[in-house]
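Participant: please find the sequence and the predicted model below.
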Amino acid sequence: MYKLHTLQQDKLLSLPARRGAEVSVEAGAIWFTLDGRDVVLRSGQSCQLEADATLLIESFSYSSFRLAEPAAPGWIKMLLNLPGRFSRGRRAARPINITGSVKA
């Protein structure tokens, strides 16, 4: 899931982000500090976070960017353990013929 953000020139925005999140710029240019190093992203560029962080993002010009958070940890495992539709142990449906009777 992602959220699109816009910033006017020289404005700041503080955003919490989880490990694995991706910041991608659609228009303009943004700047933030990540793990002690400055990151500048321009339109079409992106950066994936290697750790949880609070990003303080500044724009050089009117900018729009996406912050795409990774999937919630374990949600796929939870779905796979549900009985029925997502269960790993579910047997495949047997094919049927045109008359609707089940093939053996």
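Facilitator: Received it, and whenever you're ready, just let me know what you need.
Participant: what is the helix or strand hosting Thr33 packed up against?
Facilitator: Assigned by DSSP states H and E, Thr33 falls within strand 29-34. If you count contacts as 3 or more C-beta pairs under 8 Å, 6 or more residues apart in numbering; DSSP states H and E, strand 29-34 packs onto strand 37-42, strand 53-59, strand 63-68. (Each C-beta comes from the backbone N, C-alpha and C, glycine too.)
Participant: worst-scoring helix or strand of this structure, pLDDT-wise?
Facilitator: helix 75-81 (a mean of 63; mean pLDDT, DSSP states H and E).
Participant: now for the closest residue to Ser46 other than its chain neighbours: which residues touch it?
Facilitator: Distances taken as C-beta to C-beta, 6 or more residues apart in numbering place Ser24 nearest to Ser46, at 3.6 Å, with adjacent residues excluded. Ser24 makes contacts with Leu41, Gln45, Ser46, Cys47, Phe65, Arg66, Ala68, as judged by C-beta atoms under 8 Å, 6 or more residues apart in numbering.
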